[in-house]
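In: could you look at this predicted model? Sequence included:
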Amino acid sequence: MSRNKVELKELLLRLNSGENIAEVKEEARVLLERISPKELSEAEQELINEGLPETELRHLCEAHIEAMAEELTALKAEVEVGHPLQILIAEHDEILKVLTRLEEVNPAIQKLDSYDTNNFIFDELKEIAYLLLETENHHKREEEALFPEVDQTGVTGPTRIMKMEHEDLWPRKERIDYLAQHVEGIDFDDFREELNQQAEYLILTLRDHIFKENHILYPTAKEVIPEDRWEEIKRNSDEIGYCSFTPIRVDRKN
């Protein structure tokens, strides 16, 4: 194991040991300026193999996020239009826009006293909810076309964490859609309270999820997956299908 990975493993474990979090994160930031996404993923994988619960690793991996700011820019420059990673990143941009819309709609609804069928904001919420459900096609392509190829290289830690987060996010999306579709039959105070709870959680968690995929998982995938496998990943992705908001320039079958 490289010295970088040894140091990273030590830092990740210290983050959960009760030490001063700010100090440990600063040490991690300095180290991560010289460690690659692949080394990071391998270190996380070894921690999982040694018995560290994935739920803890999910929080530990957040320590390195700030040091990865340049990874996405470099990755975008490496992949051509239509490459599976380019498509996934482009979809992330669209999903982030949906989250921004939800971030604007939710506070506006919180200020209302009752449901009004003529208030366009409830139609906006329905459209946002529909788009959130559409993101599942994005996640399905990740889980069925991309993740298995990453796992095949022996790096399974990042994909397992992302799958866990997918499973956590899905019921939140479904619940927001239910609230949007059934607001007329729900006590409005209860509706506002649950919408606020679900929206705030989803916005924070999904943004963080996207950031980790863009800056950690995708660069790792680009590094570890053999070049001759990307054509197969693209074929499998095409078979699964794309989202209604997938950029038009992407050649899609549905």
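Out: Yep, it's here. Numbering: from 1, shown residues only.

In: what about residue 196, distance to residue 190?
Out: 11 Å (C-beta to C-beta, to the nearest Å). Backbone N, C-alpha and C define where each C-beta goes, glycine included.

In: so which of the two has more stuff around it?
Out: residue 196 (14 against 10; other C-beta atoms under 10 Å).

In: after the helix or strand where the more buried one lies, next one along is what?
Out: Using DSSP states H and E, the element containing residue 196 is helix 188-212. Downstream of helix 188-212, the next assigned helix or strand under DSSP H and E is helix 218-224.

In: helices or strands up against that following helix?
Out: helix 37-49, helix 69-78, helix 84-110, helix 147-152 (3 or more C-beta pairs under 8 Å, 6 or more residues apart in numbering; DSSP states H and E).

In: just name the most buried of the ones you listed.
Out: helix 37-49 (a mean of 21; mean count of other C-beta atoms under 10 Å).

In: tell me what that one is packed against?
Out: So helix 37-49, by 3+ C-beta pairs under 8 Å, 6+ apart, packs with helix 3-14, helix 54-60, helix 157-182, helix 218-224.

In: what do you get if the cut-off is 10 Å, keeping everything else the same?
Out: Secondary-structure packing of helix 37-49 (3 or more C-beta pairs under 10 Å, 6 or more residues apart in numbering; DSSP states H and E): helix 3-14, helix 21-32, helix 54-60, helix 157-182, helix 218-224.

In: the first one - what's its average pLDDT?
Out: Helix 3-14 comes out with an average pLDDT of 73.

In: what's the angle between it and helix 37-49?
Out: 50 degrees (axes from the mean of the first three to the mean of the last three C-alpha atoms, to 10 degrees).

In: and helix 3-14, how far from the chain's centre?
Out: Its chain's C-alpha centre and that of helix 3-14 lie 24 Å apart, by C-alpha atoms, centre = their mean, to the nearest Å.

In: that older thread, in a markdown table, list the helices and strands packed on helix 37-49 along with distance to residue 82.
Out: Compiled in a markdown table, the helices and strands packed on helix 37-49 are given as follows (distance: least, C-beta to C-beta, whole Å):
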| stretch | distance to residue 82 |
| --- | --- |
| helix 3-14 | 34 |
| helix 21-32 | 31 |
| helix 54-60 | 31 |
| helix 157-182 | 23 |
| helix 218-224 | 15 |
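
In: hang on, the earlier thing: looking at the helices and strands packed on helix 218-224, which is nearest to residue 226?
Out: Residue 226 sits nearest to helix 147-152 of all the helices and strands packed on helix 218-224, at 8.7 Å, using C-beta to C-beta.

In: which helices and strands sit right next to the closest one?
Out: Packing partners of helix 147-152 (3+ C-beta pairs under 10 Å, 6+ apart): helix 157-182, helix 218-224, helix 230-240.

In: burial of residue 195, as a residue count?
Out: By other C-beta under 10 Å, the residues close to residue 195 number 22.

In: got it, and residue 187?
Out: 9.

In: got the buried residues for stretch 203-216?
Out: Across stretch 203-216, burial judged by 16 or more other C-beta atoms under 10 Å covers 203, 206, 207, 209, 210, 211, 212, 213, 214, 215, 216.

In: no further queries at this time; thank you.
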